[in-house]
Structure formats: C-alpha cells, structure tokens
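S.K.: Make a model of this:
(one chain, ligands or ions: 1)
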Amino acid sequence: MELPKLIKQIRIKKSFLCVGLDTDLAKIPQYLHKQPNPVFEFNRQIIDATAKYAVAFKPNIAFYEALGIQGWEALKDTITYLNDQYPEIFTIADAKRGDIGNTASKYAQAFFENLNFDAITVAPYMGKDSIEPFLSYTNKHTILLVLTSNKGAFDFQTKIDVQNDALYESVLKTSKTWNNSKQLMYVVGATKPEYFKSIRKIVPNAFLLVPGVGAQGGNLKDVCQYGLTKDCGLLVNSSRGILYAANGKDFAKAAELKAKALQEEMASYV
Ligand SMILES: O=c1ccn([C@@H]2O[C@H](COP(=O)(O)O)[C@@H](O)[C@H]2O)c(=O)[nH]1
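M.R.: Residues are numbered from 1 along each chain as shown. As a prediction, this is how the structure comes out:
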C-alpha cells in the first residue's frame, strides 16, 4: 500500500490504531476450540469488530509459527481475509527478521509476495545488505527496530558510539542514506516517550510503529506530544489490551469497545 492511502485512512477514521493479532490459543475463549481453525475464527471476529476504529493490523508471526502448520494456515487465512475484506487496511507482519542478503530476499518473498503483507518488521543490526532485499519492493514498507519497548533496549540501543550517537540514532541516520529509504518506517516503544523528541530531529516525517501502550505501561498522550507529524506519522499498536478484553462469548464486543476508546482518544490528537 502506498503511504498516501494510509494517510487518507488516518484522516477518514481519525485513528492511527494498529490492532496487534498476538493470538494465543491458551487465551482465546474456550468455545472457539471446537472450530476447525480456532485462531483464524478468533482473528476474523476481532477484525470485524475493530476494523472501523483501526487503520492497521499486525499479526505477530511468533504466535503462528509456534503452532506449526496449523498456525501458518491461520496466518495465511488471516492475511487473505484482511486483504479481501478490508483492502483499505495496512497490514504488518511483525516478524523481526534479519539475515544476509540471499536469505533476506527469501524472507521478503515470503511476507511480501506469498503472504502479501504491506510491511514487515526487521532487525537492522546486520546492516545495509540485510535490508536492501526488503527495500527493493518499492510498493512495500520495511520497519526497522530502532528503540524497542522492552527494558533490554538499554543493553545496546542507547549505547553511545565514537561519533557520540546512541546506537538507535545511528540506525536512523545510516538508514536514511539507503536506496528507497522513503519506504522505511521505524519501531519506537511507547514506554520511552522521552526519546521521541530526539528521534523526530533525525526523522521528522517518517512513520513510527509504536508498540507498548496499555499492557506494557506506555500511554498515548506522551507518545503524541513529540511523535505526531503533519501526516500523523504514527501507528500505535495495542495487542493484549484489545484481544483479551474479555474471554467469553462477548470477546469481540469487548475488543470493539477497547478499540473505540483508543480511537476516540486518538481523534482528540489528530
Ligand atoms: O519494541 C517492540 C517491538 C515489538 N513489540 C510487539 O508489539 C506487540 C505489543 O503487544 P502488547 O500486548 O500490546 O504489549 C507484541 O506483538 C510485541 O512483540 C513490542 O511490544 N515492542
């Protein structure tokens, strides 16, 4: 999907919500286990209930890979459903891949061609040649991990190098010099709002995928203070806070209300 289409959806829906599909068999309502494909059935109901309040959906691939062939089928069914029923929705494979060029090109083929996602999350630490195969898809988006939401982000990502840049700043600056860098987006955790100002100095207009609101303690107001751009520039993700708002037959309605509440707060900022 081209960026103008995403930006248009953000304007129409007054939302920059990304619903995270971290679907865990152990957490979905018991009655769904009788279905032939419980993970897809859960996702379908969540998507139908929340799509009017969201502009993006982000299956976290680990939750599907953990289930083997059945998980991969549920993932395929989910992305096919999203692409067929909600073509205006931006889709992100949260796969956090990263490998040498020829392997990276297979990851790109898997997620951009076979599954037809609009975007993929990628670890940047193997450098330019590990990212180029993703960037060669000029109708797709590559989302680099920059400053993640977890505590361990401080182990490496904020360490200062000889040029006096923190590693996360170096990732931003270097990646801007790559071919097709306009296709890049960046992951920045909502749990670290104090860094948004310095990030925006380096990438004033780039889209940031922001996980970590709700369950991880981040909040929307702090993210918006320095994160917002003229075209919004943010996709704020919530996974567990929406998916597991209830665990009975009312789970989709409860998810809808959580998504609606986030969208209403977003509408007050854009
Ligand atoms: O820095 C990061 C990068 C990715 N994630 C992923 O986002 C969701 C967050 O889920 P919640 O349930 O809303 O906390 C999940 O898929 C993570 O793997 C992240 O949290 N932080």
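
S.K.: Identify the residue nearest the residue of the stretch 51-200 of the chain found nearest the ligand in space, chain neighbours excluded?
M.R.: Residue nearest to the ligand within the stretch 51-200 of the chain (CB to the nearest ligand atom): residue 148, separated by 3.1 Å. Quick note: C-beta positions are derived from backbone N, CA and C, even for glycine. Ranked by CB to CB, 6 or more residues apart in numbering and with sequence neighbours excluded, the top spatial neighbour of residue 148 is residue 189, at 5.4 Å.

S.K.: burial count for the one you found?
M.R.: Per other CB atoms under 10 Å, the neighbour tally for residue 189 reads 24.

S.K.: just residue 13 next, same as before
M.R.: For residue 13, the tally of surrounding residues (other CB under 10 Å) stands at 19.

S.K.: What helix or strand is residue 46 located in?
M.R.: Assigned by DSSP states H and E, residue 46 falls within helix 38-50.

S.K.: Check which helices and strands whichever helix or strand comes after that helix is in contact with.
M.R.: Following helix 38-50 in sequence order, the next helix or strand is strand 56-59 (DSSP H and E). Using 3 or more CB pairs under 8 Å, 6 or more residues apart in numbering; DSSP states H and E, the elements in contact with strand 56-59 are strand 17-21, helix 69-85, strand 90-97, strand 234-238.

S.K.: redo that, cut-off 7 Å
M.R.: Here strand 56-59 touches strand 17-21, helix 69-85, strand 90-97, going by 3 or more CB pairs under 7 Å, 6 or more residues apart in numbering; DSSP states H and E.

S.K.: Could you figure out how far the helix holding residue 46 is turned away from strand 234-238?
M.R.: 130 degrees (axes from the mean of the first three to the mean of the last three CA atoms, to 10 degrees).

S.K.: what's the neighbour count on residue 12?
M.R.: 10.

S.K.: Which secondary structure state does it sit in?
M.R.: helix (DSSP: H, G, I helix; E, B strand; the rest coil).

S.K.: now it: how far from residue 76?
M.R.: 29 Å (CB to CB, to the nearest Å).

S.K.: what's residue 130 in contact with, if anything?
M.R.: 98, 99, 100, 101, 104 (CB atoms under 7 Å, 6 or more residues apart in numbering).

S.K.: Please identify which pair of the residues you listed lies farthest apart.
M.R.: 98 and 101 (11.3 Å; CB to CB).
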